[in-house]
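Peer 1: give me the fold of what follows.
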Amino acid sequence: MSVLASILAAKNLTKSLDSGSHRVDILRGIDLEIPPGQFVAIMGASGSGKSTLLGLLAGLDTATSGTVIIDGVDITGLSEDKLALVRGRKIGFVFQSYQLLPTLTAEENVLLPYELSGGDVSSGVARARSLLESVGLGDRLDHYPVQLSGGEQQRVALARAFMVKPPILMADEPTGNLDSVNGAHVLDLLISLNQREGTTLVLVTHDIALAGRADRIVTIRDGLIVADEMRTAAA
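Peer 2: Numbers count the residues shown, from 1 in each chain. As a prediction, the model looks like this:
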């Protein structure tokens, strides 16, 4: 597969940190190409480099060397303003810690990225409410995060991630703070929304059962890709 056919690509990506008298190599030459619409799970033990890789692919961190291309845009060397513009238009995020603003209601949290992208709030309300209804929170529009359970907060975060219809969605251990029942429910909703919206999903996890739902599993060990398995996603 060529980089041109990929919506997300990394070429010879490295990340190193200087730690006093020695250098720590976190990623050691990653080549990865992801086509549009694919659900990719990135797996690895703690410290393997999987979250670092996700941060570089999202433009949230800077590589020591190598190239990242997001939907045809080489982000290497972009200014922070231009990088922020690419992220805002191309990528949605779901974090383990929800990252909801406590002073905003569920509806306002979902609307926020739309407002930040310059969208008119009145025209975005219908989509925000539709997304919240799709994750089972149509009756929680006016609730603040403190009034919601962990599972409900993560569902608000899911709705928010899809608000601007990003072509790529990235999730870092999105069920890590949830119990098994809520975690399974959030994962089902994530996959359902992803299929409905037609996005590319890149998910970091150490959970084998969760990764088993993906189209492809990429395994990282000691900063290298040691396995890249295409598979048929479970229903």
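Peer 1: what number of residues lie near the closest residue to residue 165 other than its chain neighbours?
Peer 2: Once flanking residues are discounted, residue 165 sits nearest to residue 197: 6.4 Å by Cβ to Cβ, 6 or more residues apart in numbering. (Glycine included, C-beta is placed from N, CA and C.) Residue 197: 16 surrounding residues under other Cβ atoms under 10 Å.
Peer 1: was I right to think residue 197 contacts residue 162?
Peer 2: Yes. Taking contacts as Cβ atoms under 8 Å, residue 197 lies within contact range of residue 162: 5.5 Å.
Peer 1: what are the phi and psi angles of the residue most central in space within the chain?
Peer 2: Centroid check for the chain by Cα atoms, centre = their mean gives residue 170 as the closest residue, at 1.2 Å. Note on residue 170: its backbone torsions stand at phi -120, psi 140 [degrees, to the nearest 10].
Peer 1: how about it, what does it touch?
Peer 2: 54, 57-58, 91-94, 201-203 (Cβ atoms under 8 Å, 6 or more residues apart in numbering).
Peer 1: which parts of the longest helix seen in the chain are buried?
Peer 2: In the chain, taking DSSP state H as the definition, the longest helix is helix 180-197. Neighbour-count burial for helix 180-197, counted by 16 or more other Cβ atoms under 10 Å, picks out 182-183, 185-187, 189-191, 193-194, 197.
Peer 1: do stretch 119-138 as well
Peer 2: 124, 127-129, 131-132, 134-135, 137.
Peer 1: quick one: low-confidence parts of the protein?
Peer 2: Filtered on pLDDT under 70, the chain yields the residue ranges 1-4, 232-235.
Peer 1: can you give me the helices for it?
Peer 2: Counting by DSSP H, the helices of the chain are 50-57, 80-90, 106-116, 121-134, 150-161, 180-197, 208-211.
Peer 1: which other helices and strands contact the shortest one?
Peer 2: It refers to helix 208-211. Applying 3 or more Cβ pairs under 8 Å, 6 or more residues apart in numbering; DSSP states H and E, we find helix 208-211 packed against strand 39-43, strand 200-205.
Peer 1: could you dump those to a markdown table with distance to residue 158 and mean neighbour count?
Peer 2: A markdown table is the format used below for the helices and strands packed on helix 208-211 (distance: least, Cβ to Cβ, whole Å; neighbours: other Cβ atoms under 10 Å):
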| stretch | distance to residue 158 | mean neighbour count |
| --- | --- | --- |
| strand 39-43 | 15 | 24 |
| strand 200-205 | 11 | 25 |
